[in-house]
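# dropping the sequence and predicted coords here.
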Amino acid sequence: MFQKDEAETEKYLLNDLNPPQHAAVVAQQGAVMVLAGAGSGKTRVLTRRLAHLLQTGAVSPERVLAVTFTNKAAREMRDRVTELLHLEPAAVQRLWIGTFHGMGARILRQYAGHLHYSADFVILDSDEQLQVIKKLVLRLGFEHLFWTPKQLANAFSRWKDDGLSAADIGPAQIKKTADIAAVSNLFAEYQTELRRLNAMDFGDLLANCLLLWREYPEVLDNYRHRFLHILVDEYQDTNAVQYDWIKQLASLHGNVCVVGDDDQSIYSWRGARLDNILRFKEDFPNVQVVRLEQNYRSTANILRAASFLIDHNVERMGKTLWTQGEAGSPLQRYLGEDGADEARFVAAEVGRLCRDGRFDRAAVLVRTAYQTRALEEAIQRQNIPYHIVGGLRFMDRAEIRDAVAYLRLVYISRDDIAFERVVNVPSRKLGPAALGTIQELASKQGLPLLEAARQVVATGLLGPAARKSLAGFVEVIDAARLYAKTSSEEAVLQYLLDISGYMESLKGGERAEEKRENIQELQSFLVQTSDFMAFLEQAALESDPPRPGEQVDNNRVVISTLHAAKGLEFDVVFLVGLEEGLMPHKLAVDAGGLEEERRLLYVGMTRARERLYLCHARRRLMMNHWEQTKPSRFLSELPPDVVETRGMQISVRRPFTGWSRR
């Protein structure tokens, strides 16, 4: 399995670890909780622990499960372990390393029939989930001012993350008693529709695993005996279903290592539960707790300020970050006259600090996305290149969705969602009446839409023009299916888009060249996957699949929300809008989320390696009118000896007398 001397490997795995890191890596039996402070080497510990288990023979590759929250993290772990141990390709293939949802999908593919699905079930993204709900709302005549399709989609996802089915919905989930029956019924109908479509949404990938294990205990026992060790990354971000999923798998032997930081738990709005850390100690009472407190990222002044801030939280396990590095520059607190002044200051400082042209050293972090507009304008005036984190995903671009839908229809004939997306793309002049005829026949006879379309053509239920257009579409899919028997997926895609007229329709249109290049990248992505179902799964679960051959100018200032910046680090960080109502955000404070807001700011502060700026304004344009602002309460929780003030005098309280045009 290994291509490297064992003694040499042991040296590489353990010699450069500090004592707590070493303890976390070598502990083999029982539960281990690693509380890893920001910049304390969390990834190193998790990777080394996995490598050490394999190297010492404690477990073979297929008998360890390592789960992460992103495919990027999973790839990095796999690559690092492979490099550390010089694993042979066959051993790498045996590793179970992936995201929660990816591992859930892998299990469900094998046992889909137990839940009345076929193994080629489709994983819906959020847009497709919303489309299914919209159709149900129309079909059932459900009209409600509050429970819009978007609200329903959010609620269904949240309930699944909490481990709830339609039968569990009650006053705790829906405050208005009159809505409970109708919404829970819609939830049940939604699940029935997903099964009819042979589709699962993200929440189903874990919820259905738990359902499978409840109904077929022998399947659970199979995985309990298979995985002798379980490793979990970013444990503080787990929701109720993820926790239950881990607990079920580890209940036989208790060999589970969770790595996380309670001070960086910032995703309660999407189901993450901070109390999972406390529950873990209850369910695994003999857990060994290891604290990683030595920071290898930030200066002492940044760490001192961040530690003072987070120490105001009550709900935390407790740890204090420290570093052997230099004290570094004091934190810079800047008070601007208004939001525009704040943005001009940030842009000017970025220009000054990045005179060498290395703009990727700096990041500007905001609490809410709308704050970026003024920052973009100011940075553009300075001719500084920038990149906004969290833009449109590659797989979410319209042309990529179209191309993937065409492929899905070729390889998965019963994919009604794909049919509806591309039956009229490019335009075949098939109006709502024609589509309604197809849908009605499909519903009456229990047919997939593609098969219903074939029968509509054969029976002459449409007018001559519509019938000819629909027949042409069916012929395209049938021809591609025949072609697919002897051709690769990327070749089938090219064939499909050519004979369907899709590529021709891009000529001369808006972003035509960019769209063609994106489709070429999709073809390159297809080349790298083992089969089409593997491609679909990766495309659905990947935050942004790698784009082969893409040359990206990464030398840009990053503008990001605080939530999206977690896991990143920069030499220079600007935190802007540190005012009451923005940071902490008013809605979060009203909902009792003050401590999470403090954790969010803590995450932002610990992104900085060398310099940290804390910016706020005296007044800000909100909803088309000017409002006086108050400095964030969090600023008063920082140690004054490591903070320097700049801009307007912080102590001055001049009355606002109106806005004068400039």
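In hand now; what should we look at?

# quick check: residue 216 vs residue 105, distance?
17 Å (CB to CB, to the nearest Å). Any C-beta I mention is one placed from the backbone N, CA and C, and that applies to glycine too.

# who has more neighbours, those two?
Between residue 216 and residue 105, counted using other CB atoms under 10 Å, residue 105 has the larger neighbour count: 27 against 14.

# ok, the more buried one touching residue 537?
Yes. The pair residue 105 / residue 537 is scored as a contact, 5.6 Å apart, by CB atoms under 8 Å.

# now the common contact residues for these two.
Taking CB atoms under 8 Å, 6 or more residues apart in numbering as the contact rule, residue 105 and residue 537 both touch residue 123.

# contacts for stretch 555-566, please.
Here stretch 555-566 makes contact (CB under 8 Å, 6+ apart) with 264, 266-267, 350, 354, 357-360, 362-369, 372, 375-376, 379, 384-390, 568, 570, 575, 600-601, 603-604, 607.

# return the members of those classed as buried.
264, 266-267, 350, 354, 359-360, 362-367, 372, 375, 379, 384, 386-388, 570, 575, 600-601, 603-604, 607 (16 or more other CB atoms under 10 Å).

# looking at the residues you listed, which are in strands?
Per DSSP state E, strands hold the following members of those: 362, 363, 364, 365, 366, 386, 387, 388, 570, 575.

# distance check, the closest residue to the first one other than its chain neighbours against residue 349.
Spatial nearest neighbour of residue 362, excluding adjacent residues (CB to CB, 6 or more residues apart in numbering): residue 572 at 4.3 Å. As judged by CB to CB, residue 572 and residue 349 stand 8 Å apart.

# quick check: neighbours shared by the two?
Shared contacts of residue 572 and residue 349, counting by CB under 8 Å, 6+ apart, come down to residue 613.

# what helix or strand does residue 189 sit in?
Element membership of residue 189, judged by DSSP states H and E, is helix 177-196.

# other SSEs contacting the next helix-or-strand element following that helix?
Using DSSP H and E, the next helix or strand after helix 177-196 towards the C-terminus is strand 199-200. Where contact means 3 or more CB pairs under 8 Å, 6 or more residues apart in numbering; DSSP states H and E, strand 199-200 is packed against strand 122-123.

# packing partners of the strand it packs on?
Using 3+ CB pairs under 8 Å, 6+ apart: strand 122-123 touches strand 199-200, helix 532-541.

# output the below-cut-off pLDDT ranges for the stretch 301-450 of the chain.
For the stretch 301-450 of the chain, the stretches flagged by pLDDT under 70 are 390-392.

# run through the helices of it in chain order.
Assigned by DSSP state H, counting those that start in this stretch, the stretch 301-450 of the chain shows helices spanning 339-353, 372-381, 398-411, 416-422, 432-445, 449-459.

# please tabulate those helices in CSV, including the columns distance to residue 589.
Output for these, formatted as CSV (distance: least, CB to CB, whole Å):
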stretch, distance to residue 589
helix 339-353, 21
helix 372-381, 22
helix 398-411, 38
helix 416-422, 40
helix 432-445, 47
helix 449-459, 48
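
# of these, which is nearest residue 202?
Residue 202 lies closest, by CB to CB, to one member of the helices of the stretch 301-450 of the chain: helix 416-422, at 15.0 Å.

# state the mean pLDDT of the helix or strand harbouring residue 103.
In this structure, residue 103 sits in helix 100-111 according to DSSP H and E. For helix 100-111, mean pLDDT is 94.

# just the CA coordinates of it, formatted as PDB?
The C-alpha trace of helix 100-111 is given here as PDB (Å, rounded to 0.1, in the frame of the first residue of the first chain):
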ATOM      1  CA  PHE A 100     -21.400  14.800   4.500                       C
ATOM      2  CA  HIS A 101     -23.700  15.000   1.500                       C
ATOM      3  CA  GLY A 102     -21.300  13.200  -0.800                       C
ATOM      4  CA  MET A 103     -20.900  10.300   1.600                       C
ATOM      5  CA  GLY A 104     -24.700  10.200   2.000                       C
ATOM      6  CA  ALA A 105     -25.200  10.000  -1.700                       C
ATOM      7  CA  ARG A 106     -22.600   7.300  -2.000                       C
ATOM      8  CA  ILE A 107     -24.400   5.200   0.500                       C
ATOM      9  CA  LEU A 108     -27.900   5.800  -1.000                       C
ATOM     10  CA  ARG A 109     -26.800   4.900  -4.500                       C
ATOM     11  CA  GLN A 110     -26.100   1.400  -3.200                       C
ATOM     12  CA  TYR A 111     -29.400   1.000  -1.300                       C
END
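
# how many residues are close by the nearest residue to residue 503 once chain neighbours are set aside?
Spatial nearest neighbour of residue 503, excluding adjacent residues (CB to CB, 6+ apart): residue 497 at 4.8 Å. Neighbour count of residue 497, defined by other CB under 10 Å: 24.

# buried residues of the helix or strand containing residue 497, list them for me.
Assigned by DSSP H and E, residue 497 belongs to helix 489-499. For helix 489-499, burial by neighbour count (16+ other CB under 10 Å) applies to 489, 490, 492, 493, 494, 495, 496, 497, 499.
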